[in-house]
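Engineer: build me a model:
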Amino acid sequence: MIFSPGQVLGEVLLAFRAGSADVQVVPLGAGNINDTYLVQTAGQKFVLQRINSAVFPEPERVVANFARVSRHIAEVAGSQSEPFLCAQLILTVNGGLSYQDGEGGVWRAQSWVDHLSADLVSFTHDTAAQLGRVLARFHQLTMDLPERSLAEPIPGFHCTPRYLEQFDQARSAWQGIRSPELEQALAYVERFRPVAGLLEDARTKGHLRRRLIHGDPKLDNVIFTDKGVAVGFFDLDTTGPGLIHYDIGDCLRSCCNRAGEEGANRQDVRFDSDICHAVLGGYLEIAGPDFGDADRYYIYDAVLVIAFELALRFLTDHLQGNVYFKVKSEAENLFRALGQFQLAESICEEEKTIRACTDR
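Structural biologist: As a prediction, the model looks like this:
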């Protein structure tokens, strides 16, 4: 069903005490998953989101995770001298964490956090180090939350062998025309197929352990002050149990490729090892004492695996008709996938330098 915001927004606004005549509602951000709006009235300003149930099969679990993690961070960070920001949930008029509209859509409201948009931040090596530090602080602030106390927001999220299985199924069912770009992408999958299980195998062997992770710590989800200082994270939808190496790998994948994810500038895709050095320097400055030799060893594997994983997810979505990530053209996810495959190639070329960044 195609969602038309005008059909239900009035109902939802009333549920969150924002049904006044002077309310202003405008689309917010360029996220690939949820429908997000900025709501302003004379007395309040907040973010309203319709959670994409095609991505999150149990939206209420996502909201419950968000509530627990954001409250915990606020309590722990409140006793520390250095601030750490994340949005807090706004309850419905009936005291609920979320609201289900008449069409079955699940909505949640969260506080507005004043910030400088990431695309306006001057990205320097100091900025990269800040990203590493803020991610390490997130891991520290949540380390005493038992990972079993949170539900998986997406079953099997950040389990790369699972994404490979889904790709294989989608490829078998594909009946479209194989363009040269698709053939190139399929060849990339076979080249990188052996790396899919590196992190999960390390977990099975006891080298890495599951704990709470952010799940999507890319640059766009970092909260920056108006002075460009990283002080927290947006988007706790994917917060849940997992390997912190998926977080570290995803942070490096997104920050060290200045060409971005959209695939339009694939010729400019490369892994910047200088930025990698700065990010890891910041991360290990905070997490160093708790970060063992095995943790350091698997950082290279993490950034390679996560680039391959995202390429698989884009490519699978393309084969399935673009049902997960929002697109503006039919081939957009294919081009996004090719960009991530090229990034994986660049990561391989920088292996020696990346591993040197983790030396004690």
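Engineer: so what's H158 scoring on pLDDT?
Structural biologist: Reported pLDDT at H158 in the predicted model: 87.
Engineer: burial measure for it, as a count.
Structural biologist: 26 (other C-beta atoms under 10 Å). Bear in mind the C-beta positions are built from the backbone N, C-alpha and C, glycine included.
Engineer: likewise S172?
Structural biologist: S172 has 8 nearby residues by other C-beta under 10 Å.
Engineer: using the three-state scheme, assign it.
Structural biologist: For S172, the assignment made with DSSP: H, G, I helix; E, B strand; the rest coil gives helix.
Engineer: if I look at it, how far off is A136?
Structural biologist: As judged by C-beta to C-beta, to the nearest Å, S172 and A136 stand 41 Å apart.
Engineer: the helix or strand containing I275: what's the following helix or strand?
Structural biologist: Per DSSP states H and E, I275 falls inside helix 273-287. Reading on from helix 273-287 to the C-terminus, the next helix or strand found by DSSP H and E is helix 293-297.
Engineer: report the angle between the axes of the helix or strand following that following helix and helix 273-287?
Structural biologist: Using DSSP H and E, the helix or strand that follows helix 293-297 in sequence is helix 299-319. Here the directions of helix 299-319 and helix 273-287 differ by 110 degrees (axes from the mean of the first three to the mean of the last three C-alpha atoms, to 10 degrees).
Engineer: contacts only, for the most centrally placed residue in the chain.
Structural biologist: When the chain is reduced to its mean C-alpha position, the nearest residue by C-alpha atoms, centre = their mean turns out to be D216, at 1.8 Å. Counting by C-beta atoms under 8 Å, 6 or more residues apart in numbering, D216 makes contact with D235, D237, T238, D250.
Engineer: pLDDT wise, what is V323 at?
Structural biologist: Listed pLDDT for V323 reads 86.
Engineer: residue contacts, it?
Structural biologist: A54, D317 are the contacts of V323 under C-beta under 8 Å, 6+ apart.
Engineer: ok, it to T316 distance?
Structural biologist: Note on V323: its distance to T316, by C-beta to C-beta, is 10 Å.
Engineer: also F271?
Structural biologist: For F271 relative to T316 (C-beta to C-beta), the value is 23 Å.
Engineer: more neighbours: which of those two?
Structural biologist: More crowded of F271 and T316, by other C-beta under 10 Å: F271, with 26 against 23.
Engineer: surely that one meets E351?
Structural biologist: No: contact between F271 and E351 fails when scored by C-beta atoms under 8 Å: they sit 9.9 Å apart.
Engineer: all the helices of this protein, in order from the start?
Structural biologist: Along the chain, counting by DSSP state H, helices occupy 5-15, 59-77, 125-141, 160-173, 180-192, 198-204, 244-255, 273-287, 293-297, 299-319, 332-349, 351-357.
Engineer: out of those, which is closest to L38?
Structural biologist: With C-beta to C-beta, the closest approach to L38 among the helices of the chain belongs to helix 5-15: 12.4 Å.
Engineer: which elements pack onto that closest one?
Structural biologist: When contacts are defined as 3 or more C-beta pairs under 8 Å, 6 or more residues apart in numbering; DSSP states H and E, helix 5-15 packs onto strand 35-40, strand 45-51.
Engineer: as JSON lines, those with distance to L116 and mean neighbour count would be great.
Structural biologist: Output for the helices and strands packed on helix 5-15, formatted as JSON lines (distance: least, C-beta to C-beta, whole Å; neighbours: other C-beta atoms under 10 Å):
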{"stretch": "strand 35-40", "distance to L116": "16", "mean neighbour count": "18"}
{"stretch": "strand 45-51", "distance to L116": "16", "mean neighbour count": "21"}
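Engineer: to G176, which of these lies closest?
Structural biologist: Taking C-beta to C-beta, strand 35-40 is the member of the helices and strands packed on helix 5-15 nearest to G176, at 28.1 Å.
Engineer: pLDDT score for F3?
Structural biologist: F3 is assigned 41 on the pLDDT scale.
Engineer: picking that back up, can you list the helices and strands packed on helix 5-15 in a markdown table and add mean pLDDT and distance to S79?
Structural biologist: Converted to a markdown table, the helices and strands packed on helix 5-15 look like this (pLDDT from 0 to 100; distance: least, C-beta to C-beta, whole Å):
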| stretch | mean pLDDT | distance to S79 |
| --- | --- | --- |
| strand 35-40 | 91 | 31 |
| strand 45-51 | 94 | 26 |
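Engineer: go through stretch 169-186 and flag the buried ones.
Structural biologist: For stretch 169-186, burial by neighbour count (16 or more other C-beta atoms under 10 Å) applies to A170, L182, A185, L186.
Engineer: show residues contacting that stretch.
Structural biologist: Residues outside stretch 169-186 that contact it (C-beta under 8 Å, 6+ apart) are A311, L315, T316, H318, L319, Q320, A331, L334, F335, A337, L338, F341.
Engineer: and that stretch, average pLDDT?
Structural biologist: 94.
Engineer: go through the helices and strands packed on helix 5-15 and name the closest to Q130.
Structural biologist: Nearest to Q130, of the helices and strands packed on helix 5-15 and by C-beta to C-beta, is strand 45-51 at 23.5 Å.
Engineer: report the angle between that closest one and helix 59-77.
Structural biologist: Computed by the same axes, to 10 degrees, the angle separating strand 45-51 from helix 59-77 equals 140 degrees.
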